[in-house]
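Chemist: Everything below, folded, please.
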Amino acid sequence: MTRLFTICLALFSLGCSGNECANEPIAEVVSPDGRKKIVLFSRNCGATTGFNTQGTILNRGDVLPNESGSAFIIDSGTAKVSWVDDSKIVVTLERGVRAFKKEHSDRGVALEYQSK
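Modeler: The predicted model follows:
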């Protein structure tokens, strides 16, 4: 009985320990000086999550990590991004989208939000 309990506990732990989320890139926009980029992506965590758009600022050569967006997270809508200069991005969101995260700066880049 103890051995069966130990095996079940080990299998349960293995099943719950993995990260079941995956990031699906939508677009990358490189800064004017070519040193940074903003990556737009959708994060899929299975059937219990709806459509979302997220943004993360990275150094140009970096790969998108399997994490939530560090700049912004919105649901059921799209975002358009444009670099104003090397240190500022304008994020244009559809009117009425819910934002779960809207940072005003990320990795030294200022973020300004507009609705359209």
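Chemist: contacting residues for residue 112?
Modeler: For residue 112, the contacting residues are 84, 88-91, by CB atoms under 8 Å, 6 or more residues apart in numbering. Bear in mind the C-beta positions are built from the backbone N, C-alpha and C, glycine included.
Chemist: Mind telling me what element it is part of?
Modeler: Here residue 112 sits within strand 109-115, counting by DSSP states H and E.
Chemist: Alpha carbons only: can I get that strand in CSV?
Modeler: The C-alpha coordinates for strand 109-115 follow below in CSV (Å, rounded to 0.1, in the frame of the first residue of the first chain):
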residue,chain,number,x,y,z
VAL,A,109,11.8,51.9,-22.8
ALA,A,110,8.8,54.2,-22.1
LEU,A,111,5.4,53.0,-23.2
GLU,A,112,2.5,55.3,-24.1
TYR,A,113,-0.9,53.9,-24.6
GLN,A,114,-3.6,55.1,-27.0
SER,A,115,-7.1,53.8,-27.8
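Chemist: Which residue is the nearest non-sequential neighbour of residue 23?
Modeler: Setting aside the residues directly before and after it, residue 23 is nearest to residue 41 in space (CB to CB, 6 or more residues apart in numbering), at 4.8 Å.
Chemist: how many neighbours does the one you found have?
Modeler: By the criterion of other CB atoms under 10 Å, residue 41 has 20 neighbours.
Chemist: Residue 71 now?
Modeler: Per other CB under 10 Å, the neighbour tally for residue 71 reads 24.
Chemist: Relative to residue 32, how far out is it?
Modeler: 18 Å (CB to CB, to the nearest Å).
Chemist: now do residue 47
Modeler: As judged by CB to CB, residue 47 and residue 32 stand 40 Å apart.
Chemist: of the two, who's got more company?
Modeler: Comparing residue 47 with residue 32 by other CB under 10 Å, the one with more neighbours is residue 32, at 11 against 6.
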